[in-house]
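Visitor: Predicted coordinates and the sequence they were generated for:
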Amino acid sequence: MNLTELSFPTLCFYLCAAITVAAALGVITAKNPVHAVLSLVLAFFSSGMIWLLLQAEFLAISIVLIYIGVVMVLFLFVVMMVDINAARLRDGFWRYLPVGLVVAGVMVAEMALVLNGRYFGLAAVPAPEPAAADFSNVKMLAHLLYTEYAYAFELAALILTVGLIAAVMLTFNKRVGSKRVDPADQVAVKARDRLVMHSIPAEKEPVVEPVTDGSAEVRS
Amino acid sequence: MEFQIPNFLPALPEIVVAVFALLGLLFVALQRKSEGSAFWMAQLALWSGAFFSLCLGRSPADLFEALRSAGSGFEVLRNLGEILVVWVGSSESTWTFSQLYQTDALGELLKAAACMAVALGLIYGRRYMRERKLDSGEYYLLVLFATLGVMVLASAGSLLTIYIGLELLSLSSYALVAINRNELRSTEAAMKYFVLGALASGLLLYGMSMIYGATQTLVLLDLIHAMDQAAGVNQTVLLFGLVFVVAGVAFKLGVAPFHMWVPDVYEGAPSSITLFLASASKIAAFVMACRLLAQGLWGLIEHWKLMLLLAGIASIMLGNLAGIAQTNFKRMLAYSGISHMGFLLLGFASSLPELTRNAYSASLFYMLTYVLTTLAAFGILLLMTREGYEAEQLDDFRGLNQRSPWWAAMMAIAMFSMAGIPFFVGFFAKFFVLQAVWQAGYTYVAVLAVLMSLIGAFFYLRVVKLMYFDAPAADAPAVNAGCRLSGGLLSANALALGLLGLFPGVLLQLCVVVVQASLAP
């Protein structure tokens, strides 16, 4: 790489990529869970910036809106509400780190050897034409999603439904013996649910026996 | 960009199952006691899914015509199998939804098989789940969605649909394994399954992205064409992607060296969920291998052949040797499953240029009969459990013959078939695969596979020995036969193993016809 030929977008890319990697490392090394979540926000944001460099503006905006705006805020709430002993969870982290680093390093090196620049360089895969100024990313995406990829889109919706069902099934607690009152049951109650009539077989009248002292005693 | 509304009709089986599942979701959300209705709804969805899979794209008039021209009563009966085979194979492959979706005879047969296997599994496991209070409406919904995932995989026309179908199946399966969340063993199994499954999905996706990078297409048809023009495609990148794709497929099939999760998940999951994982999930993995390797990456056969062969040999050795050491019946069946999937891969790996489709039909035959055998074995295991008691140790089979001679005989049939004793269907399944391996010239592999099967026969026959020659434990109860429907179906299922062993011809012919109609070069 020739430093003098470095264009501004390339510089931006390397900056954003470096921040993303650093933030991702921060997620798994931070001692404080809140710091970890904040690092994740940074990682999402800088990958959004990389998308922006690729002219995928809509995806960049949606990752900021959805992941940072909704999902991560929820994460933060959960992390702040639940008292997690992160130190205990990460007990083995430093112990396994050297081995993990070696394995990861070897894997990256091997893949780089096999797939170094000559396969995906600009010579093999030419850069796409830059889009015109009036090109609408959203329109294009919507057009593809609802026509060509409609089948995959619907199936993705079903996958989300499965996530919903699984979450309900795994967390919904049917407590036994709770005294919760169900208004629907209260409204639907009938007289026979409240008053139970039992028919008891009649018993014989107790026998009254005359006793010697003259007074009658009723045996019950 | 003109867009044509795609033809929805070929996807009718998927649409029917999806609509039933979504209606069921509404019903389960609004109704309080929904278990019984959800069960029947799932049955209706699955059987109609199987029906539409088999009947769509073929005209009933052809069937009647063939039946009428076959002659009088006895003649019709004699030729019935052949007529049906021709009819099932008469489907033409169609592509729709911008080539995200394809149907062919192979996909339709496997879709129908998966639907029927899941429906039978639900029937066998109904009492088991009810006694453990696990048969909530959500259980049936997740099973339906998982089956839908299998169907999407079976008719996937592009790498994207393959991945989405796989995720639909996997996510439902993870949740189903964890369904008994009060039991530590189940949640641990689900966690292992989830972490390893996510890793495998990542591997598969990474491989797909490499293939996309090399060929610039996701559609399987275009992949085949891209491979043909060898000059334009970068072989190194393709092979790099292929390795990851094969690893992903091997994980889903549960073959060595990606088998680690199989025994733990089989043991930890409730038995009826294990039944699902051992039947419908395996069909999904098989059809995924067909779509990815035998269809899309057909041009790289010289490369993936060797990988599958090695994985197959390793699984057969590992499954049969490690199976001996097991004392838990479910773990034993897990190792047996590993070795059976190894056989399946051997069939896959031994396709020759001149006899290309022969080996696939052997693998397809193996798959269908394996699913039938597993259904019988797990069905009887489910019968033997009762409230508050999990029959899963080998010792629970001690003296089963004295307690319940009928079910002992059925279990013996299933075990004989798995061991590959002649004149049970498992023997012919192994025989056809070994024949293909032999024809491909891998003589030593065939000999090794036979030797390993002999070793493996030990642990299947041990179950038979425990049932017939050992005295039952003093407090061992009789087997509760359950309801008449499930008992009858289970008996028919087990007896079919013997019957198919006596007449394997029709099923094999079906497999040959279907493979020829679908995977034609």
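Guide: That came through fine. Residues are numbered from 1 along each chain as shown, chains lettered A, B, ... in the order given.
Visitor: Surely B:Ala61 is in a strand?
Guide: No: read with DSSP: H, G, I helix; E, B strand; the rest coil, B:Ala61 is helix and lies in no strand.
Visitor: count of neighbours near it?
Guide: B:Ala61 has 8 neighbouring residues, counting by other C-beta atoms under 10 Å in any protein chain shown. All C-beta spots, glycine's among them, are computed from the backbone N, C-alpha and C.
Visitor: pLDDT averaged over stretch A:137-148, what's the number?
Guide: Stretch A:137-148 carries an average pLDDT of 87.
Visitor: what number of residues lie near B:Gly207?
Guide: Neighbour tally, B:Gly207, other C-beta under 10 Å: 24.
Visitor: Counting by contacts, list what the helix or strand containing it packs against.
Guide: With secondary structure defined by DSSP states H and E, B:Gly207 is part of helix B:184-215. Using 3 or more C-beta pairs under 8 Å, 6 or more residues apart in numbering or on different chains; DSSP states H and E as the contact test, the elements touching helix B:184-215 are helix B:159-177, helix B:220-228, helix B:235-253, helix B:261-268.
Visitor: Spit out the contact partners of the residue of the stretch 301-450 of chain B at minimum distance from chain A.
Guide: With C-beta to the nearest C-beta, the shortest gap between the stretch 301-450 of chain B and chain A falls at B:His303, namely 14.5 Å. Taking C-beta atoms under 8 Å, 6 or more residues apart in numbering or on different chains, we find B:His303 in contact with B:239, B:242.
Visitor: Let me see the mean pLDDT of whichever strand or helix holds it.
Guide: Applying DSSP H and E as the criterion places B:His303 in helix B:301-324. Per-residue pLDDT over helix B:301-324 has a mean of 92.
Visitor: Next, find the distance separating the residue of the stretch 301-450 of chain B closest to chain A from B:Pro270.
Guide: Per C-beta to C-beta, to the nearest Å, B:His303 is found 40 Å from B:Pro270.
Visitor: okay, the angle between the helix holding B:His303 and helix B:261-268?
Guide: Using axes from the mean of the first three to the mean of the last three C-alpha atoms, to 10 degrees, one finds that helix B:301-324 and helix B:261-268 are set 40 degrees apart in direction.
Visitor: Where among the helices and strands packed on helix B:184-215 is average confidence lowest?
Guide: Comparing the helices and strands packed on helix B:184-215 by mean pLDDT, the weakest confidence falls on helix B:220-228, with a mean of 83.
Visitor: what's the burial count for the residue in chain B that chain A sits nearest to?
Guide: With C-beta to the nearest C-beta as the measure, B:Ala175 is the residue of chain B nearest to chain A, at 3.4 Å. Residues within reach of B:Ala175, counting by other C-beta under 10 Å, total 26.
Visitor: Leaving aside the residues adjacent along the chain, what's closest to it?
Guide: Distances taken as C-beta to C-beta, 6 or more residues apart in numbering or on different chains put A:Ala166 closest to B:Ala175, at 3.4 Å, once the chain neighbours are dropped.
Visitor: what's near enough to touch the one you found?
Guide: Counted by C-beta under 8 Å, 6+ apart, A:Ala166 has contacts B:138, B:142, B:171-172, B:174-175.
Visitor: Break down chain A into its strands, ranges please.
Guide: For chain A, no strands are identified by DSSP state E.
Visitor: residue ranges with poor pLDDT in it?
Guide: A:1-5, A:83-91, A:115-118, A:121-124, A:173-177, A:210-220 (pLDDT under 70).
Visitor: residue of it with the smallest distance to chain B?
Guide: For chain A, C-beta to the nearest C-beta, closest residue to chain B: A:Ala166, 3.4 Å.
Visitor: Tell me the spacing between that residue and B:Gln43.
Guide: Counting by C-beta to C-beta, the gap from A:Ala166 to B:Gln43 is 22 Å.
Visitor: most centrally placed residue in chain B?
Guide: When C-alpha atoms, centre = their mean is applied to chain B, the residue found nearest the centroid is B:Ile283 (2.6 Å).
Visitor: Identify the residue spatially nearest to it, adjacent ones excluded.
Guide: According to C-beta to C-beta, 6+ apart, the nearest residue to B:Ile283 is B:Ala114 (4.6 Å).
Visitor: tell me, how many neighbours does the one you found end up with?
Guide: Counted with other C-beta under 10 Å, residues neighbouring B:Ala114 total 31.
Visitor: tell me what the host helix or strand of it is packed against?
Guide: Per DSSP H and E: B:Ala114 is located in helix B:105-131. If contacts are counted by 3+ C-beta pairs under 8 Å, 6+ apart, helix B:105-131 sits against helix B:12-30, helix B:35-55, helix B:73-88, helix B:137-154, helix B:271-289, helix B:356-384, helix B:484-502, helix B:505-518.
Visitor: how about the ones you listed, which one is nearest B:Val237?
Guide: Among the helices and strands packed on helix B:105-131, the nearest to B:Val237 by C-beta to C-beta is helix B:271-289 (21.4 Å).
Visitor: Okay, buried residues for stretch B:46-65 please.
Guide: Across stretch B:46-65, burial judged by 16 or more other C-beta atoms under 10 Å in any protein chain shown covers B:46, B:48-50, B:52-58, B:63.
Visitor: hang on, the earlier thing: quick one: the residue of chain B closest to chain A and A:Met169 touch, right?
Guide: Yes: counting by C-beta atoms under 8 Å, B:Ala175 touches A:Met169, with 6.4 Å between them.
Visitor: interface residues of chain A facing chain B?
Guide: Residues of chain A lying close to chain B by C-beta under 8 Å from any C-beta of the partner chain are A:111, A:114-115, A:119-120, A:124-125, A:143, A:147-152, A:155-156, A:158-159, A:161-163, A:165-166, A:168-170.
Visitor: out of these, which are buried?
Guide: Buried by 16+ other C-beta under 10 Å: A:115, A:119, A:147-152, A:155-156, A:158-159, A:161-162, A:165-166, A:169, out of these.
Visitor: Neighbours of B:Ser170, how many?
Guide: Applying other C-beta under 10 Å, I find that B:Ser170 has 23 neighbouring residues.
Visitor: ok now do B:Leu372, which residues does it touch?
Guide: Residues in contact with B:Leu372 (C-beta under 8 Å, 6+ apart) are B:425, B:493, B:496-497, B:500.
Visitor: and the stretch 151-300 of chain B, which of its residues are near chain A?
Guide: The stretch 151-300 of chain B comes close to chain A at residues B:152, B:160-161, B:164-165, B:167-168, B:171-172, B:174-175, B:178-179, B:181, B:213, B:234, B:236-237, B:240, as judged by C-beta under 8 Å from any C-beta.
Visitor: Quick check: ChimeraX command selecting the buried ones in those.
Guide: Of those, the buried ones can be selected in ChimeraX as follows, counting by 16+ other C-beta under 10 Å:
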select /B:152,160,161,164,165,167,168,171,172,174,175,178,179,213,234,237,240
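Visitor: among the contacts of B:Leu372, which ones are buried?
Guide: Among the contacts of B:Leu372, those buried by neighbour count (16+ other C-beta under 10 Å) are B:425, B:493, B:496-497, B:500.
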